[in-house]
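Participant: Requesting a structural model of the entry that follows:
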Amino acid sequence: MNVWKLTAANTLSETKEELKPEEGKLRIRVTKVFVNGDDALIFKGAKKIKYPLIPGRYAVGLAADDSVYPKGTRLLLHVMTKVRETGTEKTDYNAADTLIRGLTTDGYLRDFVYAPLSDVTPLPEAVSDEKALLIQHVAYAKAAVETLGIQKGEHIAVIGGDMLGFFVCQLLIYQQAAPILVDTRKDRLEFARGNGIYYTALSDDTLTDVIGTVTGGRLADGVVCIVDCANAYRQNIPMKICAPGEGIAYCGQGCGNDCSLPLDDLLCKRLTAYGVYDGSDYIETAINLIATKTVDLSAFRANILQPKDLPDLFADYARRPERNVNELNVINLV
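Facilitator: Below you'll find the model as predicted:
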């Protein structure tokens, strides 16, 4: 089978390897892989990884035999996978109990993969492959919203106008809350307003005043903050705009940089900070939200590419870090 591996920063090599059966796992033909800015950062060495590594975090495929699902059944491949217990290695209690495909363990940029039954979900006909590649973003957004226990009519600030922040806002509207999307980029805020997100605010010196105006001087009833290494500015904003006694959900899977929070603000305002690391528990919910069009994906456009296009695509990410939020780059492996 064909496998694409990162062997060093800026070095993606195609090799042929024999796929060995793994007991208790499903054989899956990988068909499409969604690559994004995180993959580009991994490619150029901006995120710490162990080489060699097969990239590719978001993928769909087909059951390659009839062992569990009928051959040809469309399957979503999960981003998060449980750490395998070997019984011979000392447990690190400071580490996460899950691994992230394409970051802390091999991803899906290969023709075939063996995956445990717990790492796949069958897809309904109503959800296309391209939409399926966004299921885990929607599931992650749902996890963030559920963490805060949001009530009808509450004003919730969402820090980060990227894809995940956009889905958080859609889910807040569905739950009859009022999201306020915050970002440094005017084009992202314009995109959000054009797709039904009414309240937006630039992350600048006027932010607190804008939030106060929207909420009638109460500040936000809660905050969802999307954390990543390209936008370290976000981490301190929630403390300033969150009302006393409320909660902040920090959503991220590690940015590779040391992050510090203003503890005095956290204590003085009696805030509760939550870490949202994984949305796997909401995958079935996310599929239903997409299938029923409760979460609208019509604004996203897929660019279908081939594996040979990846180096140029990653180089383009470096040249254009401020890409359109609705850009969906899909690698076709069939």
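
Participant: Select the helix or strand of the chain having the lowest average pLDDT value.
Facilitator: In the chain, the helix or strand scored least confidently by mean pLDDT, DSSP states H and E is helix 263-268, which has a mean of 84.

Participant: In PDB, list the C-alpha atoms belonging to that helix.
Facilitator: The C-alpha coordinates for helix 263-268 follow below in PDB (Å, rounded to 0.1, in the frame of the first residue of the first chain):
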ATOM      1  CA  LEU A 263      -4.700  33.800  38.000                       C
ATOM      2  CA  ASP A 264      -5.500  37.000  39.900                       C
ATOM      3  CA  ASP A 265      -8.400  37.700  37.500                       C
ATOM      4  CA  LEU A 266      -9.600  34.100  37.700                       C
ATOM      5  CA  LEU A 267      -9.700  34.300  41.500                       C
ATOM      6  CA  CYS A 268     -11.000  37.800  41.900                       C
END
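
Participant: helices or strands up against that helix?
Facilitator: Packed against helix 263-268 by the contact rule (3 or more CB pairs under 8 Å, 6 or more residues apart in numbering; DSSP states H and E) you find helix 237-241. Glycine gets a C-beta too; all of them are placed from N, C-alpha and C.

Participant: How about the helix it packs on, which residues are buried there?
Facilitator: Ile237, Pro238, Met239, Lys240, Ile241 (16 or more other CB atoms under 10 Å).

Participant: wait, what's in contact with the third one?
Facilitator: Contacts for Met239 were tallied using CB atoms under 8 Å, 6 or more residues apart in numbering; they are Ile248, Leu261, Pro262, Asp265, Leu266, Lys269, Leu271.

Participant: and if you look at the first one?
Facilitator: When contacts are counted by CB under 8 Å, 6+ apart, Ile237 is found next to Ile159, Val182, Ser203, Leu207, Cys225.

Participant: among these, which two are most distant?
Facilitator: Distance extremes for the contacts of Ile237: the farthest pair is Leu207 and Cys225 at 13.1 Å, using CB to CB.

Participant: which one of those two has more residues nearby?
Facilitator: Neighbour count, other CB atoms under 10 Å: between Leu207 and Cys225, Cys225 has more, with 26 against 18.

Participant: you'd agree that one is in a strand?
Facilitator: Yes. Per DSSP: H, G, I helix; E, B strand; the rest coil, Cys225 lies within a strand segment.
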